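1. Sequence and predicted model, in that order:
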Amino acid sequence: MRLIQILCSFLLGVTISSYGGASEETMKLEVIDPYVELHTGPGKGYPVFFVIEQGESIDVLTRRPGWYEVRAENGKVGWTSSSQISRTLQATGEPADLPEVGYGDYLKSKMRVGFTAGEFIDGELDGAETFSLAFGYRPLSWLVGEIEYGEFYGSEIRGDFYGANLLVEPYSKWMFSPVVLFGGGVMSFNSQPEVVPVAIDDSDYTNYGLGLNYYLGRNFVVRMEYRSYSVSIDKADENPESTDNNERLATWKIGFNTFF
C-alpha cells in the first residue's frame, strides 16, 4: 500500500506543477449568426449563461467531442456546440474550418476510462482469465496516473485486485504510441483449489509493463499491453532459508480507453 501512496503523491505533485504552463495559441472567429449561446459546460444539459451577438468575435480555447470552449470579447468563457461555431468566419473572411475530435484531443483530455481483458501466461495463475476497469487522469501529454480494479478466474480460482499505476508515453504524439507502465496494488482470492492451493493469498504486488496505444477514432483508443507481476508471499514454512518471497506472474491484455 505504501507504493500506492507514493504514486498518488507523485501524481498530485506533477498535477500541481502542470498548472500555469504555457498557453496554446488561440483562433479568433467572427459570429455571423444572430447569436451564439455560451453554456457553463460541454453539453446541452449545462445552462446557458451568456449570448454572443452577431458581429462579435470569439477566441477558441479548446474542444471536446461536439463542443468548443470559447472566450467572448468581454472576457466571459463558456462552451458552445460545434454546430453553432461552424457558423463563424475566420479573420480572412473564410468559414471556420475546425476539426472534429482527433488524436490531439486524446492527448489534451484530462480524464479517461478504460477496460481491458486478457489472460495470465506465467506463474501459478497461468491460464486464468482476467479483466479490469480503470480510471485515469492525464496531467501532461506524456504522463497518466491510473487507478484500476479487476478480477481473475480459472477452473478453481476466483479473485480480484486493485491498484494504482503510472503510465509514461514518451512518444505520445504518435498514432501508435508505446507505453511504459509501473505501479502496485493488492491481490486477494475468493476461492482456491482444494487439493493444492496456490502459494499466493491476500498479498501486495508490484507490476511493470510495456504497451501500445492506437487511436481508433472519435473518442476511442485501443490499448494493448504485457505486464509482469511480483507478488509478495510467505515461503518461510516451505523453506526457512529462502530469501525469495515473491511469486512471478505475467499477463497480456487488450482493451480500449475512452476520453472526455
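-> In hand now; what should we look at?
2. Flag every buried residue along stretch 252-260.
-> By 16 or more other Cβ atoms under 10 Å, the buried positions in stretch 252-260 come out as W252, K253, G255, F256, N257, T258, F259. C-beta: built from backbone N, CA, C; applies to glycine.
3. Report the two of those residues separated the most.
-> Spanning the widest gap among the buried residues of stretch 252-260 are W252 and F259, at 23.3 Å by Cβ to Cβ.
4. which stretches of the protein have low pLDDT?
-> Counting by pLDDT under 70, the chain contains low-confidence ranges at 1-25, 97-109, 194-197, 217-219, 234-244.
5. what about 80?
-> Scanning the chain for pLDDT under 80 picks out 1-26, 63-66, 86-87, 89, 91-110, 172-175, 192-201, 215-220, 234-245, 259-260.
6. That one: helices as residue ranges?
-> 2-18, 82-85, 103-108 (DSSP state H).
7. show me what contacts E73?
-> Taking Cβ atoms under 8 Å, 6 or more residues apart in numbering, we find E73 in contact with E56, S57, I58.
8. The second one: neighbouring residues, count only.
-> Yep, that's S57 we're talking about. For S57, the count of nearby residues is 16 (other Cβ atoms under 10 Å).
9. Now for it: which residues touch it?
-> By Cβ under 8 Å, 6+ apart, S57 lies in contact with K28, L29, E30, V31, E73.
10. let's see it at 10 Å
-> K28, L29, E30, V31, V70, R71, A72, E73, T88, L89, A91 (Cβ atoms under 10 Å, 6 or more residues apart in numbering).
11. Then G41?
-> With Cβ under 10 Å, 6+ apart, G41 has these contacts: P47, R64, W67, E69, G78, W79.
12. Could you list everything the last one pairs with in the sheet?
-> I take that to be W79. For W79, the beta-bridge partners under DSSP bridges are H39, E69.
13. How about the second one?
-> Beta-bridge pairing for R64 (DSSP bridges): W67.
14. Please tell me how far it sits from K110.
-> 10 Å (Cβ to Cβ, to the nearest Å).
15. Touching both of the two, which residues are there?
-> Counting by Cβ under 10 Å, 6+ apart, the shared contacts of R64 and K110 are F259, F260.
16. Looking at the two, which has the bigger crowd around it?
-> A count of neighbours by other Cβ under 10 Å puts R64 above the other of R64 and K110, at 19 against 13.
17. Alright, calling it a day.
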